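J.: Next come a sequence and a model predicted from it.
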4 protein chains.
Amino acid sequence: MFTMEKLTDQILFDVIKPRPKDSFKGTFGKITLVGGNKNFGGAIIMASTAAVCAGAGLVTTCTDPINASPLHSQLPEAMFADFNDDEQVAKLVEPATTVVVGPGLGDDQQSLHILKNVFAHTSNQQNVVIDGSAITLMAREGLSQPAGNIIYTPHQMEWQRLSGIKIADQSEERNKAAQAKLGATVVLKKHHTEIYTDDKVYQLTIGTPAQAVGGMGDTLAGMVGGFTAEFSQHPLQAVLAAVYAHSAVAEQIAESQYIVLPHQISRALPTFMKKMEKGHDEDHIGFLN
Amino acid sequence: MFTMEKLTDQILFDVIKPRPKDSFKGTFGKITLVGGNKNFGGAIIMASTAAVCAGAGLVTTCTDPINASPLHSQLPEAMFADFNDDEQVAKLVEPATTVVVGPGLGDDQQSLHILKNVFAHTSNQQNVVIDGSAITLMAREGLSQPAGNIIYTPHQMEWQRLSGIKIADQSEERNKAAQAKLGATVVLKKHHTEIYTDDKVYQLTIGTPAQAVGGMGDTLAGMVGGFTAEFSQHPLQAVLAAVYAHSAVAEQIAESQYIVLPHQISRALPTFMKKMEKGHDEDHIGFLN
Amino acid sequence: MFTMEKLTDQILFDVIKPRPKDSFKGTFGKITLVGGNKNFGGAIIMASTAAVCAGAGLVTTCTDPINASPLHSQLPEAMFADFNDDEQVAKLVEPATTVVVGPGLGDDQQSLHILKNVFAHTSNQQNVVIDGSAITLMAREGLSQPAGNIIYTPHQMEWQRLSGIKIADQSEERNKAAQAKLGATVVLKKHHTEIYTDDKVYQLTIGTPAQAVGGMGDTLAGMVGGFTAEFSQHPLQAVLAAVYAHSAVAEQIAESQYIVLPHQISRALPTFMKKMEKGHDEDHIGFLN
Amino acid sequence: MFTMEKLTDQILFDVIKPRPKDSFKGTFGKITLVGGNKNFGGAIIMASTAAVCAGAGLVTTCTDPINASPLHSQLPEAMFADFNDDEQVAKLVEPATTVVVGPGLGDDQQSLHILKNVFAHTSNQQNVVIDGSAITLMAREGLSQPAGNIIYTPHQMEWQRLSGIKIADQSEERNKAAQAKLGATVVLKKHHTEIYTDDKVYQLTIGTPAQAVGGMGDTLAGMVGGFTAEFSQHPLQAVLAAVYAHSAVAEQIAESQYIVLPHQISRALPTFMKKMEKGHDEDHIGFLN
């Protein structure tokens, strides 16, 4: 039997510390996001927005060229690459602190080709967040899990596909056993989201039905990616903090809104994260790049 | 003789209830919007923005590819499909809780082809909002009314075309008779908008001339679509609430503005709708998707 | 000798009146703007934004197709047409209450072709605002003044080209004589902008150097267009009110800003114009379109 | 031995003065920015946004055509040119008060060709800001320094490439000697950014690690460009003021944010700069263009 550990805001204070004075953008990691086909461009844009606003140092978005313009219209901070250019994607995946693959990727042959290319270029020093249709494709096509510190962010149906455990049978024991077999972190998105790790199972007890909006999961994947790149010394803590922060910010917005638009969470992150480092000193630094 | 029932804000409290704790985005319906040709892309963008901000669970916009970029520039929450791809549009229309067709669709042969494709794939379990040039095309081309819970949102000239009743002759009796023949809900947009239903005729007594701005009707169509998808248990109530909320929000904005831009109404909806659920409990839930 | 009449805020109160209760978008005119080549798309976007925010009923922007996406990204309320499609431009120019031609039009052969097409389709019942490179083209190519209530909005160099009066020689007397010969309204943009009309010469005594920013004139052209479409019963008064409002809003913004971005003036118009109608009653109306 | 002069906010008061009453947009200079390949469009957009918001009179952005739409989506005030059109770029570089080359330019053969074209058309009367990959290309390809008042804005690795001094060896003495050999101003971006000039070395002692975000340097390059165009009588003072203002604004934003998004600095400039001119009179002027 497992006892789930309920997450509290302590995880935020543990992870979100004042930035070192002599930091530069490289200090906060590189993140490469891959997704957004011709139909689902919004998904990878929302994930990328989350990564930038969370504070990842350098953010590159590999997506269909149709999405370059709307990406840069709202997020000039991100760099763009054509996700059909295997060589360029490989060059962007390899040096990344964190790779996020899946938001809006789709599940056709093109999607599969891109996913395989990404998986062929990750390494064990990296965090790899696998989300959405990337999970579906892995399960359907029987792809091997790539190298890396793997973090899955499935909803219950995607978890069924990946683990083979039907939604009705997804007990903590079975989920934990499936996680152990994968050797990965699993963020199982549901009412009271659960995070399965090698050592423990964590439960999120906050959140609001105002989050039941398309794109909310893409934003979470981007935040998990952003946090693991930025706080890369403690990647598991970073995952837990991202999951907690996502719902904590949503709750604050939902105090005055019937629904929360996913990008609102991202845009609120800089202010929210500032509050988390309170009690620490702030110093000035002049490194610009 | 009919006695029109004047709508009051009670309709908002009847419809906009706290979301159930264990809801997920599927709880709030799927909406597929079809419109926006090369010239009138703004119309379908405004309708889609209204649907997202109203809280529909999953929103897909079928439009001319030229509109994909500006759609995602301001509304990454919506998915995109090429409205010229008959097969894809059919696949998106069939599972939708609500279909909205017409905003910015145009009235040429391409528009007609798209409209026929949509009409061929609706079913009686769905809400189908028919707006703008879709109404004109139906009347001009003598198209049969499609399957579904049909909701027309004509202005007076479009109603003339559809019903054959000249504007000067559009009395409540004649309008009601035409509505009965159609077996549909008719939202007749005018000074004191009237909603004709099988059982009753409702009248809107609020609103402001600050709403006399291009795009206001597209936003209303999107809100009617969004509300019927989200509050699908009571589609007629949802229509009435959407019509009322549209003008109620506009009135609030018009207290400090000479004109109301349509997208401002959409963006104000999450806050407005939150106020409507007041008096109910709020609880937290963590289901993310 | 002329005595210039100094404009005061009385012109705003004279023109900006509460909208009639039973108004609809057609009440406030149609405006067709033509401009924005591949390089200067921002100019026609800024002019169109001004027209929409000023409250013109229906706004159509004829421009290079490259500008359609950024137009709709920030201004879904405007309709788009390809300014290279002579037939479509003609169909949009003919029924317009006001035509604005010139912002970002450029001065090459394509620009000239488009300008001639516009000029061939205006009529005496319309207001025609001729701005920027359209003025330069007229002078350089010796184009005849088109039909319509013509309003020129030159800066001093453009006025030199059009009138033949060198900047150093642009006295009120000479300017008035040139205006009389043209039989048009001339808004001569300069330190203390002057408006030459058949009967009088008006002078603007407000404004701020914070307005010395690229795009400020495009915004003014769009406001002059928007006001003449919306307040079409008194087109000269509408011109004067637009010129005055443009600088009055800029002065307000400049109280807290070193420079004023042109689009900020447009976005501030709905609130500014609301204040101008103060003292009048407000009533509700439900006409939506 | 050098004694670095620490910059204080006095530099802001020295440079940012009330605008003259009879100014027009030409008073504040022309700036031409060149950069933004297919992947790095956001960089040149951020630099251009900084230039516009700083108050440069006329801003033209020469970039890959893929970036035209997102540029105009968020910054209609800037003009666009295709950076592959050598002739047009030359025509835009030659009359500019300031040229900024490098942000997002990339370092491939196309980038090199564009850079050479820019360098072939600058003259000694102009300020030329050389940033990012333009510095890398110069060093790698052994390009001669172009004509102009040259301002380099390297980070430490770029400075190593340009000067040949390894990062660990970048002492003030060596840097100053390298600067003297170049005969240019060098803004060396690092913890406590240093500005090397013919006469002195200045040090920035403000700034925050919240600035360690991708795009921060592009924004600085745009500000340096904007200030030198606008305050062209004192280009060195303008550089110093731009560097100081960049971090001063960032510090203000960082009081409530964990990170600062680069475009937030630009958007805050008009308000920030207004405060700097306090104590001076404000007068009205009506020159519009």
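T.: All right, it came through fine. Numbers count the residues shown, from 1 in each chain, chains lettered A, B, ... in the order given.

J.: Just the buried positions in stretch A:198-211, please.
T.: Of the residues in stretch A:198-211, A:201, A:202, A:203, A:204, A:206, A:207, A:208, A:209, A:210, A:211 count as buried by neighbour count, 16 or more other C-beta atoms under 10 Å in any protein chain shown. Where C-beta positions appear, they are placed from N, C-alpha and C, glycine not excepted.

J.: so how far is it from its chain's centroid?
T.: On the basis of C-alpha atoms, centre = their mean, to the nearest Å, stretch A:198-211 sits 15 Å off its chain's mean C-alpha point.

J.: on that earlier part again, mind picking the two most distant members of the buried residues of stretch A:198-211?
T.: Within these, A:201 and A:210 form the most distant pair, 26.0 Å apart (C-beta to C-beta).

J.: Make TSV out of the buried residues of stretch A:198-211 and add pLDDT, distance to residue D:89 and secondary structure.
T.: Output for those, formatted as TSV (pLDDT from 0 to 100; distance: C-beta to C-beta, whole Å; DSSP: H, G, I helix; E, B strand; the rest coil):
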residue	pLDDT	distance to residue D:89	secondary structure
A:201	97	60	strand
A:202	98	56	strand
A:203	97	59	strand
A:204	97	54	coil
A:206	96	54	coil
A:207	95	52	coil
A:208	95	52	coil
A:209	95	54	helix
A:210	95	50	helix
A:211	95	48	helix
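
J.: Any idea how many residues pack against the nearest residue to residue A:55 once chain neighbours are set aside?
T.: Spatial nearest neighbour of residue A:55, excluding adjacent residues (C-beta to C-beta, 6 or more residues apart in numbering or on different chains): residue D:259 at 4.3 Å. Residues near residue D:259, counting by other C-beta atoms under 10 Å in any protein chain shown, number 29.

J.: Pick out the residue of chain A closest to chain C.
T.: Relative to chain C, the nearest point of chain A is residue A:73 (5.7 Å; C-beta to the nearest C-beta).

J.: what sits against that residue?
T.: Contacts for residue A:73 (C-beta atoms under 8 Å, 6 or more residues apart in numbering or on different chains) come out as B:69, B:73, C:70, C:73, D:69, D:70, D:73, D:74.

J.: In TSV: the residues you listed, plus secondary structure.
T.: Formatted as TSV, the contacts of residue A:73 follow (DSSP: H, G, I helix; E, B strand; the rest coil):
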residue	secondary structure
B:69	helix
B:73	helix
C:70	helix
C:73	helix
D:69	helix
D:70	helix
D:73	helix
D:74	helix
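
J.: Give the residue spans of chain A that score low on pLDDT.
T.: A:1-2, A:279-289 (pLDDT under 70).

J.: Now do the strands in it.
T.: In chain A, the strands defined using DSSP state E lie at A:5-6, A:30-34, A:58-63, A:79-82, A:98-101, A:127-131, A:149-153, A:185-188, A:194-196, A:201-203.

J.: Pull the distance from the fifth one to the chain's centre.
T.: If I follow you right, that is strand A:98-101. That offset, for strand A:98-101, works out to 8 Å (C-alpha atoms, centre = their mean).

J.: same question, the first one
T.: Centroid displacement of strand A:5-6 relative to its chain, using C-alpha atoms, centre = their mean, is 21 Å.

J.: Let me see the contact set for residue A:43.
T.: For residue A:43, the contact set (C-beta under 8 Å, 6+ apart) comprises A:35, A:36, A:103, A:104, A:132, A:215, A:218, B:76.

J.: again with residue A:29
T.: A:56, A:57, A:58, A:97, A:98, A:228, A:229, A:230, A:232.

J.: Looking at those, which is nearest chain B?
T.: Taking C-beta to the nearest C-beta as the measure, chain B lies nearest residue A:228 of those, at 17.4 Å.

J.: Find the nearest non-adjacent residue to that closest one, please.
T.: residue A:127 (4.1 Å).

J.: Could you count how many residues lie near that neighbour?
T.: Neighbours of residue A:127 under the rule other C-beta under 10 Å: 27.

J.: Specify the beta-bridge partners of it.
T.: Taking DSSP bridges as the rule, residue A:127 bridges to residue A:98, residue A:149.

J.: And for the one 4 residues further on?
T.: Per DSSP bridges, residues listed as beta-bridge partners of residue A:131: residue A:153.

J.: My read is that it contacts residue A:101, right?
T.: Yes. Between residue A:131 and residue A:101 there is a contact under C-beta atoms under 8 Å: 7.1 Å.

J.: any shared contact partners between the two?
T.: residue A:35.

J.: quick one on the thing from earlier: okay, the buried residues of stretch A:198-211 in a markdown table with distance to residue C:159 next?
T.: Shown next, in a markdown table, are those (distance: C-beta to C-beta, whole Å):
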| residue | distance to residue C:159 |
| --- | --- |
| A:201 | 77 |
| A:202 | 72 |
| A:203 | 73 |
| A:204 | 67 |
| A:206 | 65 |
| A:207 | 64 |
| A:208 | 61 |
| A:209 | 62 |
| A:210 | 57 |
| A:211 | 59 |
